[in-house]
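1. next input, structure requested:
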Amino acid sequence: MIPKKINIAILGATGYVGLDLVYLLSKHPKVEIKYLCAQKSVGKKINKFDKRIKKNLPKISSVKNVDWENIDLLFLSLPNGEAQKIIKKTFVYKNLKYIDLSADFRLKNYKDYVKWYHLRHKAKELIKNSIYSISEFNKKIISNYRIISNPGCYPTSIQLALIPLIKKKIIKSEKIIIDSKSGYSGAGKGFEKKFKGKNILKSIQAYGIEKHRHMSELDQEFKRVNNLKLNYSFNPHVIPTFRGLLSTIYLELQKGKTINSVIGCLKNYHKSNYFVKISKVNEPIGTGKIINTNFCLISVCKTRKKNNIVIFSAIDNLVKGASGQAVQNMNLAFGFKEGLGLK
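-> Sure thing, here's the model as predicted:
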């Protein structure tokens with residue numbers, strides 16, 4: 001039965017993603033925000049951190065104050081390693097669901113988590129209760145899981161463009177090059193420490209070229225499709241803009257396939273996916289049209305090399321890449337209209 005309203009709590013409410021979450025959920029007609037939690041700023045009003053939030057909401061409090069029996073859904077926008085601890089402690093509350101925006105439940109093999117994140121997984125027995133969910137791929141099954149793991153922003157933009165083509169075997173699996181650029185908000189509020197000395201607000205900075213953590217998600221999800229291991233390079237960059245993400249994907253087509261095969265495949269696959277839009281052929285796109293929205297805009301273009309194409313996939317890293325997709329996943333999990341609170 002679809003509930004009239006659900007009670008929610010948000011942990012990590014004052015981070016970039018947390019504030020976007022609060023903003024979106026404060027306007028959602030099916031949501032009652034009961035708790036906004038953070039380690040610092042306890043007792044302060046949330047609109048001190050984000051003037052967009054107009055609704056009178058609970059003041060920031062400690063997670064220790066949460067009445068778990070009165071919560072239907074917990075959003076966790078926390079550093080890697082923290083969500084698993086809280087979920088493990090509160091999993092006894094049978095009616096409580098979780099949407100985790102960290103990487104704690106993205107990988108189905110806990111050994112991969114240790115390998116890529118260099119953290120011991122303290123709730124590995126709960127991984128079986130979780131689903132890695134790009135919303136468009138899990139509409140029919142997401143409600144069966146208590147723990148919903150939101151994907152990373154880079155993998156969201158990449159998979160929405162590539163997964164349909166991999167399934168239909170339209171592209172060659174070798175020599176795939178993925179070049180992605182994201183606004184600095186993707187690195188969190190401590191971005192200046194992470195890129196110390198890089199003058200990140202006035203420059204473009206490459207990073208994580210050989211072993212970016214999001215490669216673990218891509219490896220896992222690509223392998224699930226046709227049990228195929230793709231040979232790809234992934235090169236992320238931080239650019240001097242606050243939000244927005246553009247992935248540029250270079251591909252070689254299978255023999256007999258054309259750019260029209262690609263366009264047709266993407267349009268057919270995403271025809272019922274409201275938040276995925278396919279642009280005109282050969283249209284060079286940017287992030288301008290999707291900033292502050294939950295849309296993914298995809299464009300397919302020819303190159304000067306025969307049988308080669310380039311795909312551009314643009315999202316807002318804080319919305320479709322994080323908070324917006326979390327709300328979309330919530331809507332699907334509780335039987336609400338998929339776009340509720342997001343249009």
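
2. would you state the helices of the stretch 1-150 of the chain in chain order?
-> 16-26, 83-90, 110-117 (DSSP state H, counting those that start in this stretch).

3. so how far is the longest one from its chain's centroid?
-> What that stands for is helix 16-26. Computed by C-alpha atoms, centre = their mean, to the nearest Å, the chain-centroid distance of helix 16-26 equals 14 Å.

4. how close does residue 318 get to residue 114?
-> Note on residue 318: its distance to residue 114, by C-beta to C-beta, to the nearest Å, is 28 Å. Where C-beta positions appear, they are placed from N, C-alpha and C, glycine not excepted.

5. so which of these two has more stuff around it?
-> residue 318 (25 against 14; other C-beta atoms under 10 Å).

6. was I right about the more buried one contacting residue 20?
-> Yes: between residue 318 and residue 20 there is a contact under C-beta atoms under 8 Å: 4.9 Å.

7. identify the contacts common to these two.
-> residue 324 (C-beta atoms under 8 Å, 6 or more residues apart in numbering).

8. can you count the residues close to the closest residue to residue 139 other than its chain neighbours?
-> Excluding its sequence neighbours, the residue lying closest to residue 139 (C-beta to C-beta, 6 or more residues apart in numbering) is residue 332, at 5.6 Å. The number of residues packed near residue 332 is 21, by other C-beta under 10 Å.

9. let me see the contact set for residue 28.
-> 327, 340, 341 are the contacts of residue 28 under C-beta under 8 Å, 6+ apart.

10. figure out which of the helices of the stretch 1-150 of the chain is closest to residue 178.
-> Nearest to residue 178, of all those, is helix 110-117, at 17.3 Å by C-beta to C-beta.

11. return the distance of that closest one from the chain's centre.
-> 19 Å.

12. how about the CA coordinates for that helix, as PDB?
-> The C-alpha coordinates for helix 110-117 follow below in PDB (Å, rounded to 0.1, in the frame of the first residue of the first chain):
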ATOM      1  CA  TYR A 110      33.000  -6.600   0.500                       C
ATOM      2  CA  LYS A 111      36.500  -7.600  -0.500                       C
ATOM      3  CA  ASP A 112      36.300  -5.200  -3.400                       C
ATOM      4  CA  TYR A 113      35.200  -2.500  -1.000                       C
ATOM      5  CA  VAL A 114      38.300  -3.100   1.100                       C
ATOM      6  CA  LYS A 115      40.500  -3.100  -2.000                       C
ATOM      7  CA  TRP A 116      39.200   0.200  -3.500                       C
ATOM      8  CA  TYR A 117      38.400   2.100  -0.300                       C
END
